[in-house]
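1. Fold the following.
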Amino acid sequence: MKAAFAFPEGPDWALLEAILRRVTVPVIAEGAIGTPAEARRALDLGAWAVVGSAITKPTEITQRFVETLR
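-> Numbering: from 1, shown residues only. Just a heads-up that it's a prediction; the model follows:
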C-alpha cells in the first residue's frame with residue numbers, strides 16, 4: 001500500500017532498471033519518488049543517489065503531511 005502522499009503513477013522502475021543495465025556512470029534517480037520506501041528501492045536497484053522535491057523541499061513535505069492529517 002502506498003502512502004497517501006505518494007505519486008499516483010509512481011516511479012518508472014522498469015526505466016530505472018534499463019538505464020542502470022546500460023550505463024557505467026553513476027545514476028541519480030529523480031521523478032515520482034514520494035516515499036522513503038521508494039527512495040530505498042531506487043538505491044537498492046543501483047541508483048547512486050535519489051533527489052527531487054519529495055525529499056528536498058521541506059514545504060512540500062510538510063504540505064503532504066498537513067493534507068493527509070486533515
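
2. if I pick A47, what's in contact with it?
-> 16, 20, 27-29 (Cβ atoms under 8 Å, 6 or more residues apart in numbering). The way it works is simple: take the backbone N, C-alpha and C, and place the C-beta from them, glycine included.

3. Considering those residues, which possesses the most neighbours?
-> Tallying neighbours with other Cβ atoms under 10 Å puts A29 at the head of the contacts of A47, with 26 neighbours.

4. measure it to W48 for me?
-> Computed as Cβ to Cβ, to the nearest Å, the A29 to W48 distance reads 8 Å.

5. The chain: strands as residue ranges?
-> Applying DSSP state E to the chain gives strands spanning 28-29, 49-50.

6. now those as TSV including distance to I61?
-> Listed next are the strands of the chain as TSV, based on distance: least, Cβ to Cβ, whole Å:
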stretch	distance to I61
strand 28-29	18
strand 49-50	14
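
7. Put together CSV for those, with mean pLDDT and distance to E9 on each row.
-> Output for those, formatted as CSV (pLDDT from 0 to 100; distance: least, Cβ to Cβ, whole Å):
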stretch, mean pLDDT, distance to E9
strand 28-29, 96, 15
strand 49-50, 94, 17
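
8. ranges for the helices of this protein?
-> Along the chain, counting by DSSP state H, helices occupy 13-22, 36-45, 53-56, 58-69.

9. tell me the angle the first one makes with helix 36-45.
-> Here helix 13-22 points in a direction 30 degrees away from that of helix 36-45 (axes from the mean of the first three to the mean of the last three Cα atoms, to 10 degrees).

10. Would you mark the buried spots in the lowest-mean-pLDDT helix or strand in the chain?
-> When each helix and strand of the chain is scored by mean pLDDT, DSSP states H and E, helix 53-56 comes last, with a mean of 73. For helix 53-56, the neighbour count (16 or more other Cβ atoms under 10 Å) marks 54-55 as buried.
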